[in-house]
Structures are given as C-alpha cells and as structure tokens.
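>>> Model the following, please.
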Amino acid sequence: MILTCPACQTRYEADAAKFPPQGRDVRCARCGNTWRQAPPEPEPEVFFAPPVEPEPMPPSYQPEEPQADYYVQPPVRDEEPQYQEDAVQQPKAHSPWPRRLFLGAGWVVLAAAVLAIGFAAVVFRQQVVQVWPQSASLYTTLGMKVDAEGIRIGELRWRKATEGGQLVGTVTGSLTNVSDRELPVPQLRVGLIGREKREIYHWTFAPNVMTLRPGQTTRFENRLSSPPVGARDLEVRFAKAGE
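Okay, here's the model as predicted:
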C-alpha cells in the first residue's frame, strides 16, 4: 500500500498486513509528522466476463500503450550541502609594454654605441692605422685618406722641362708627421701614369731627412731624366720592402 504524509506529501510504500482494522500511528521520516493511518479497503471481488473479440482495426492503426503510475519511495536522508569550488585565481596577464620598452631602449643603446664607434674610427683613423696597419686598405676602399706610416704625403706636383737639350721630369711634395711620436722617413716610390690610367714607369728615392718629429713638415724634390713621353699623372707612396 502507498502512504502519503498529510504534512509534506511525501509518499511511502508500506506492507498492508502491518495495519490492523483499527489502524496505527505512522510517523513521516522526512518531516517528523505523526498521523493515524487506517488499513486499506478490502479489494472487491472481480468477476471475469468472457472475452470479447475486438473489432478488426485498419492496418495503420497502432494501439496505445497503457500508462501505469509508479510510486517510488524517496530516499530518507539529509540533504547534502552544496559546495562551491574555490575559484582558482588566475595569474594576471602582464602587459607586454614594459618588455617592449626595455627591448627598444636596448636597441637605442646598441645603435648609439655603433655610431660612437664608427665616429671614433673615422675621426681617429690615423691613430687606428698606426696601431693596425692592415686597416689602411679598408679606409682607402671607403675613400678616406690615411697615412699608414704616420707620415702624410701632400702638395704633390709633376712638371717637365728641357735642360741642356734633354727632357727632365721633376716631382715635388711635402712630408708631415701626423703622429704623436718621432718617426723614421722611409723611401718614396714614384709611379708615372699613362693615358689608360695604367702605370708605365716607376722609381724610388730617399728623402733628404731621416726622421720627422711630431708635427714636423719637410719638402722633397726628385728629378728623372728622359721621362716617358706618355706620362700624364703620377702616384707617390712609401716604398715596400723589395721595391
């Protein structure tokens, strides 16, 4: 039999044999309410009539399934408290701007350092060449004039004249010590350039001084008898070993 609490309407399934004709007290397990429950009414006698053949139905007819009521005894238990998981605090996303500013400042410092080194290499190229002579070719390639020996050759002039019926070529110029120490003066090499910008003749000679003090300047002059007729220009530099 099915019992229903008159207070909370909770239904229970109970054994009808446990209820005498005078009834008995029942207590609701959910709300604690107590009431007098009478026994169930006796079931009436059922007389079965002879079966009646059902009328044939159309093929498309489908009989409806009978619906039955089901009563399930609810669980008697205390309701469990609902727990809400603590929200995991996500770390705050850091702004990318400080890192970008730091990288930008680093690039600015690096660019400034490169510019400072380049400026010093140009302004103090003479001192660089004195410490590292191999750099002279690099400066020459870049179109910067340097003096690998620490002595500057300048004021060059080439002229030809006839003396005693013979053609004589004369080269003149100056030598200046641009370093901060006294330097020996090496031999000079003179090359004559022809029409096609190619050297057609050269010779070497020693200037009239052996050394130059810092900042000192001296002039030189050298003559060549019967120079090549096709000479149009000249190149003067310090002679290398074996020239």
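
>>> which residues in the protein form helices?
With DSSP state H as the criterion, the chain has helices at 97-123, 125-131, 135-141.

>>> can you pull the contacts of Phe19?
Phe19 makes contacts with Met1, Gln37, Ala38, Pro39, Pro40, as judged by CB atoms under 8 Å, 6 or more residues apart in numbering. In short, each C-beta sits where N, CA and C put it, glycine included.

>>> closest to Leu110 among the residues you listed?
Ranked by distance to Leu110 (CB to CB), the contacts of Phe19 are led by Met1 at 93.2 Å.

>>> nearest residue to the closest one other than its sequence neighbours?
Ala16 (4.3 Å; CB to CB, 6 or more residues apart in numbering).

>>> ok, so what distance separates the one you found from Ser226?
To Ser226, Ala16 is 152 Å away according to CB to CB, to the nearest Å.

>>> same check, this time on Trp158
Distance from Trp158 to Ser226, counting by CB to CB: 15 Å.

>>> With neighbour numbers in mind, choose between those two.
Remark: of Trp158 and Ser226, Trp158 carries more neighbours, 19 against 9, as counted by other CB atoms under 10 Å.

>>> Can you tell me the closest non-neighbouring residue to the more buried one?
Take Trp158 and drop its neighbours on the chain: the residue closest to it by CB to CB, 6+ apart is Leu234, 4.7 Å away.

>>> give me every residue that touches the one you found.
Residues near Leu234 by CB under 8 Å, 6+ apart: Leu156, Trp158, Val171, Val190, Gly191, Leu192, Ile193.

>>> Next: Arg157.
So Arg157 contacts Val171, Thr172, Gly173 (CB under 8 Å, 6+ apart).

>>> about what we covered before: distance of the residue nearest to Trp158 from Ile153?
Leu234 is 12 Å from Ile153, by CB to CB.

>>> what do you get for Leu167?
Relative to Ile153, Leu167 is positioned 25 Å away (CB to CB).

>>> which of those two has more neighbours?
Ile153 (17 against 14).

>>> Which residues does that one form beta bridges with?
Here Ile153 sits in beta bridges with Leu175, as judged by DSSP bridges.

>>> hang on, isn't it packed against Val171?
No. Applying CB atoms under 8 Å, one finds Ile153 not in contact with Val171, separated by 10.9 Å.

>>> residues shared between the contacts of these two?
Shared contacts of Ile153 and Val171, defined by CB under 8 Å, 6+ apart, comprise Val236.

>>> Averaged over its residues, which helix or strand of this protein has the lowest pLDDT?
helix 135-141 (a mean of 59; mean pLDDT, DSSP states H and E).

>>> List the contacts of Leu3.
Arg11, Tyr12, Glu13, Ala14, Val26, Gln37.

>>> now it, which residues is it bridged with?
On the basis of DSSP bridges, Leu3 is bridged to Tyr12.

>>> So what are the structural domains in the protein, by residue number?
By the assignment in automatic domain parsing, the chain contains the domains 2-37, 110-148, 150-238.

>>> And these, which one averages the lowest pLDDT?
Among the domains of the chain, domain 110-148 carries the lowest mean pLDDT, a mean of 68.

>>> Can you get me a residue count around Arg189?
As a burial measure, Arg189 scores 16 neighbours (other CB under 10 Å).
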